[in-house]
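Asks: sharing a model prediction with you, sequence too.
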Amino acid sequence: MKRSVPDLMTAAEPLVMVTAYDYPGGIHAERGGADLILVGDSLGNVVLGYDSTAPVTLNDMIHHARAVRRGAQATFLVVDLPFGTYHTGVTDAMRAAVRVIQETGADAVKMEGATPEVLDVVRVLSRNGIPVMGHVGLMPQTATAQGGLKVQGKDEESARRTVDGAQALQDAGAFAVVLEAIPARLARLITERLTVPTIGIGAGVHCKGQVLVYHDLLGLYEGDEKKLAKRYAELGRDAREAIAAYAAEVRAGQFPTKEQSFVMKDDVLGKLY
Ligand code: KIV
Ligand code: NA
């Protein structure tokens, strides 16, 4: 059964979120029992091959989210608003969010940061019935301005900015807040202060929930080890080995066999000679 916003906000059990970007990913996430699926703009890195999330467009997000929804019709679906789509005023942000909800069947949108501009957007969207998930700590869309993909909240100024940002997002109406790449004790403090759930990635065990990127959790890129992610499978290795085995069998005339071949009656064949 699909979780509702109030249900997610008051859940007793830890919340499980995983990203997905296409129809099979949606199926895997739903059948694997995720409470929430995020169509993250990490799409840019793990699916589209960009070196950042900045080039991802609203149309990219909608295209992929529609496919995820076809595979996961009974799971709460969150879609990232990509870079540049919620920074030019609340009207533009509202239009982008409405497109996502109407065209993909998403249940909520997510956006990064807690600047006054973003807080205005969170306020207007949530007041008008579009659930918003916030995101503080490491924010990949603006990582260049943060000095690269670095752990945030280590010094007092950055820690304070992260705590205040999470609190401000809650006050503006966010129903949950992602904490990315911050010290575990800081995430614990934020989780204790907020009444809405925190969902951590690289933020320790004390968050209300956790999120992992599909490709990280399944080990789809060989050798791409990340401190903040655990690889629960090695599908990249498995895929490479499977394709190499297929290639070897084709080259040796061992595939296909009778198993994969179709038969016809001898008399039909005779008439062709
Ligand atoms: O885009 C994404 O995958 C995310 C998660 C890491 C939270 O924003
Ligand atoms: Na994201």
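Replies: Now that the structure is in, tell me what you want to look at. Ligands and ions are numbered 1, 2, ... in the order given.
Asks: now the residue of the stretch 51-200 of the chain found nearest ligand 1: closest residue in space, sequence neighbours ignored.
Replies: Ligand 1 sits closest to residue 178 of the stretch 51-200 of the chain, with a gap of 4.7 Å, by CB to the nearest ligand atom. For every residue, glycine as well, the C-beta is placed using N, CA and C. In space, and not counting its chain neighbours, residue 178 is closest to residue 135: 4.2 Å by CB to CB, 6 or more residues apart in numbering.
Asks: residue 62 now?
Replies: Here the nearest residue to residue 62 in space, its sequence neighbours aside, is residue 103; by CB to CB, 6+ apart that works out to 5.1 Å.
Asks: quick check: which element contains that neighbour?
Replies: Residue 103 belongs to helix 90-104 when elements are defined using DSSP states H and E.
Asks: can you give me the buried ones in that helix?
Replies: 90, 93-94, 96-97, 99-101, 103-104 (16 or more other CB atoms under 10 Å).
Asks: pLDDT (mean, whole number) over that helix?
Replies: Across helix 90-104, pLDDT averages out at 98.
Asks: just use 32 as the starting number from now, easier for me
Replies: Understood, numbering begins at 32; the last thing we discussed is helix 121-135.
Asks: returning to that earlier point: for the residue nearest to residue 209, give its distance to ligand 2.
Replies: Residue 166 is 7 Å from ligand 2, where distance means CB to the ion, to the nearest Å.
Asks: then residue 256?
Replies: 20 Å.
Asks: for the helix or strand harbouring residue 198, which outside residues touch it?
Replies: Element membership for residue 198 (DSSP H and E) is helix 187-203. Applying CB atoms under 8 Å, 6 or more residues apart in numbering, the contact partners of helix 187-203 are 144-145, 150-151, 153-154, 157, 165, 167-168, 183-184, 208, 210, 213-214, 217, 220-221, 224-227, 229.
Asks: could you pull up the mean pLDDT of the next helix-or-strand element following that helix?
Replies: Counting by DSSP H and E, the next helix or strand C-terminal to helix 187-203 is strand 207-211. The pLDDT scores in strand 207-211 average 98.
Asks: how far does the next helix or strand after strand 207-211 sit from the chain's center?
Replies: Where DSSP H and E defines the elements, the next helix or strand beyond strand 207-211 is helix 215-224. Relative to its parent chain, helix 215-224 has a centroid offset of 22 Å by CA atoms, centre = their mean, to the nearest Å.
Asks: over to stretch 194-205?
Replies: Worked out by CA atoms, centre = their mean, stretch 194-205 lies 21 Å from the chain centre.
Asks: ok, and does the helix holding residue 198 reach over to ligand 1?
Replies: No: judged by CB under 6 Å from any ligand atom, helix 187-203 makes no contact with ligand 1; its nearest approach is 13.9 Å.
Asks: quick check: mean pLDDT of that helix?
Replies: Rounded mean pLDDT across helix 187-203 is 98.
Asks: excluding sequence neighbours, find me the nearest residue to whichever residue of the stretch 132-281 of the chain sits closest to ligand 2.
Replies: Ranked by CB to the ion, the top residue of the stretch 132-281 of the chain for proximity to ligand 2 is residue 171, at 6.0 Å. In space, residue 171 comes closest to residue 84 once its chain neighbours are excluded; the distance is 4.9 Å by CB to CB, 6+ apart.
Asks: hmm, residue 115 and the one you found touching each other?
Replies: No: counting by CB atoms under 8 Å, residue 84 does not reach residue 115; the two are 10.7 Å apart.
Asks: so those two - more neighbours on which side?
Replies: residue 84 (22 against 14; other CB atoms under 10 Å).
Asks: contacting residues around that one?
Replies: 72-76, 113-114, 171-172.
Asks: could you do residue 97 as well?
Replies: 134-136.
Asks: now do it against residue 71, distance only.
Replies: Separation of residue 97 from residue 71 (CB to CB, to the nearest Å) stands at 15 Å.
Asks: what of residue 210?
Replies: Applying CB to CB to residue 210 and residue 71 gives a distance of 15 Å.
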